[in-house]
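Student: Predicted model and sequence follow; I will ask about them next.
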Amino acid sequence: QVQLVESGGGLVQTGGSLRLSCAASGRTFSSYAMGWFRQAPGKEREFVAAISRGGGTTLYADSVKGRFTISRDNAKNTEYLQMNSLKPEDTAVYYCAADGDYGFLSRFTYEYDYWGQGTQVTVSS
């Protein structure tokens, strides 16, 4: 079992930046690949980015590639999502998630075992 708590969301203007954090507690953080997903009103939850256990491999959705950076600090049991050049279409609730299976990084929600409660990101035009 692992508990995840996101923070760092807020209101920002178009072109601005935010850094989201996801603090983990419970089982060994480094045992999990980690991901970020987002869900806008009326839409399905979608993949944003994922990172391997050691942090050496990352995966991004095409819509955020080049603007967002996922990272992790296993010593601090924390995952991050640095979001730059934000657009109104990035507005959503952002969730971090943990994947306990070994294998390729996943874009699919059903592959992830644990989820945080989400943090709201709003980008104004």
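Tutor: Structure's in. What do you need?

Student: The most centrally placed residue in the chain is in what secondary structure piece?
Tutor: Among the residues of the chain, the one closest to the centroid is W36, at 2.1 Å (Cα atoms, centre = their mean). Taking DSSP states H and E as the criterion, W36 maps to strand 33-39.

Student: Could you list every helix and strand in contact with that strand?
Tutor: strand 18-26, strand 46-51, strand 68-73, strand 78-83, strand 92-99 (3 or more Cβ pairs under 8 Å, 6 or more residues apart in numbering; DSSP states H and E). Backbone N, C-alpha and C define where each C-beta goes, glycine included.

Student: how close does the residue located most distally from the centre of the chain get to C96?
Tutor: The centre of the chain is farthest from one residue, S125, which by Cα atoms, centre = their mean lies 22.8 Å away. From S125 over to C96 the distance is 26 Å, taken as Cβ to Cβ, to the nearest Å.

Student: Could you do G16 as well?
Tutor: Counting by Cβ to Cβ, the gap from G16 to C96 is 21 Å.

Student: The two: which is more packed in?
Tutor: C96 (29 against 14; other Cβ atoms under 10 Å).

Student: Quick check, that one in contact with S7.
Tutor: No. Using Cβ atoms under 8 Å, C96 is not in contact with S7, being 10.0 Å away.

Student: I am finished for the moment; much appreciated.
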